[in-house]
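**Student:** Sequence and computational prediction follow.
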Amino acid sequence: METLEYPVKTREMHNHHFDSTAWNDFKFRDDDIIIGSYAKSGTTWTQQIVCQLLFNGEEHHNVGALSPWLDLRVPPTPVKLEMLEAQQHRRFVKTHLPVDALVYSPKAKYLYVVRDGRDVVWSHYNHHANANENYYAALNGPGLVGPPIEPPTDDIVEYYREWLEKDGFPLWSQFENVKSWWDIRDLPNLKLLHYNNLKKDMPGEIRKLAEFLEIPINEDKWDAIIEHCSFDYMKNHAEDSAPLQGAMWKGGAQTFIHKGTNGRWRDVLSEDDSKRYEDMAYERLGEECARWLLTGEM
């Protein structure tokens, strides 16, 4: 009988956002759910879906508080670990780390959601450009390792080019992140998701996700679950989804839950700028993984 090989943590990652050491002291439970992604790839949407399945379509659960980003530098790791240890419901925790910088447990179920990097950049530019002084003070405060994160210029094309040519700047590498999870796609406790597929058939994708997580669906609550996972609902109840109820952004939670659309880059990027991303994806990821990232097709 073949023995499964699970990933082993081989490094720590520290920057204005990350403190990967948080995973070293996290005490896994057998039914934990870990939601991974590269930033702005549909993470909050996936958290909302999992929350609705776990809480049977109930409204007004603060997803940002229930499902913390464990490897974010703030608030301090002990605060998050204590809060998670006190939770009695089935836990669902967020990460933006590549696989080799976290602790991967055979006990947990993992979801990893991806999105075309061009859509990621358009979403993150809104996130980054509209961050307020609280955001920068928190990320650049005590304990910062490496250079601070600074407000972007007014030119989104310049922002995109810098992100691409500097391998994810001012965040971290999307290609490295995606490839690390793609490489373990055959593990039985990992399910890969794509933003495009959630947009195309959200009810169908939610049912597959529920089956993977072994969460029975109460059909009497199905319509409520679907409604509460829609973009319009999340936008209108943004305080329930945004971290710290939107306190880090100008305009609050409504700014954090922005548009949820794809393809805003199509009328802005030149053909050469757009193709450069596709070429780099195939070069860095290989044909199968790049096709999945760009289209959602496996």
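**Tutor:** All right, it came through fine.

**Student:** And the spatially closest residue to W45 that is not a sequence neighbour, how far from R90?
**Tutor:** Across the structure, with C-beta to C-beta, 6 or more residues apart in numbering as the measure, the residue nearest W45 apart from its sequence neighbours is L198 (6.6 Å). Glycine gets a C-beta too; all of them are placed from N, C-alpha and C. Applying C-beta to C-beta, to the nearest Å, one obtains 21 Å for the distance of L198 from R90.

**Student:** Compare the two and say which is more crowded by neighbours.
**Tutor:** Neighbour totals were compared for L198 and R90, and L198 leads with 21 against 17 (other C-beta atoms under 10 Å).

**Student:** From the contact counts, what lies against the one helix or strand that one maps to?
**Tutor:** L198 is part of helix 195-200 when elements are defined by DSSP states H and E. With contacts defined as 3 or more C-beta pairs under 8 Å, 6 or more residues apart in numbering; DSSP states H and E, the packing partners of helix 195-200 are helix 43-54, strand 109-114.

**Student:** As TSV, the ones you listed with distance to L102 and mean pLDDT would be great.
**Tutor:** Supplementary listing: these in TSV, determined by distance: least, C-beta to C-beta, whole Å; pLDDT from 0 to 100:
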stretch	distance to L102	mean pLDDT
helix 43-54	15	96
strand 109-114	10	98
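
**Student:** closest one to P203 among these?
**Tutor:** helix 43-54 (10.7 Å; C-beta to C-beta).

**Student:** which element follows that closest one toward the C-terminus?
**Tutor:** helix 63-66.

**Student:** any idea how far that following helix is from the chain center?
**Tutor:** Per C-alpha atoms, centre = their mean, to the nearest Å, the displacement of helix 63-66 from the mean C-alpha position of its chain is 14 Å.

**Student:** Let me see the mean pLDDT of it.
**Tutor:** The average pLDDT within helix 63-66 is 90.

**Student:** which of the residues in it are buried?
**Tutor:** Along helix 63-66, the positions that meet the burial threshold by neighbour count (16 or more other C-beta atoms under 10 Å) are V63, G64, L66.

**Student:** circling back to that earlier point, can you list the buried residues in the helix holding L198?
**Tutor:** Within helix 195-200, the residues that qualify as buried by neighbour count (16+ other C-beta under 10 Å) are Y195, N196, N197, L198, K199.

**Student:** about what we covered before: redo the helices and strands packed on helix 195-200 as TSV? Include distance to K94 and mean neighbour count.
**Tutor:** Putting the helices and strands packed on helix 195-200 into TSV (distance: least, C-beta to C-beta, whole Å; neighbours: other C-beta atoms under 10 Å) gives the following:
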stretch	distance to K94	mean neighbour count
helix 43-54	6	24
strand 109-114	10	24
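
**Student:** I'd like the ones you listed as CSV, with distance to D232 appended.
**Tutor:** Converted to CSV, those look like this (distance: least, C-beta to C-beta, whole Å):
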stretch, distance to D232
helix 43-54, 13
strand 109-114, 20
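
**Student:** Show the subsequent helix or strand relative to the helix or strand harbouring D279.
**Tutor:** Secondary structure assignment for D279, by DSSP H and E: helix 271-285. Stepping forward along the backbone from helix 271-285, the first helix or strand reached (DSSP H and E) is helix 287-295.
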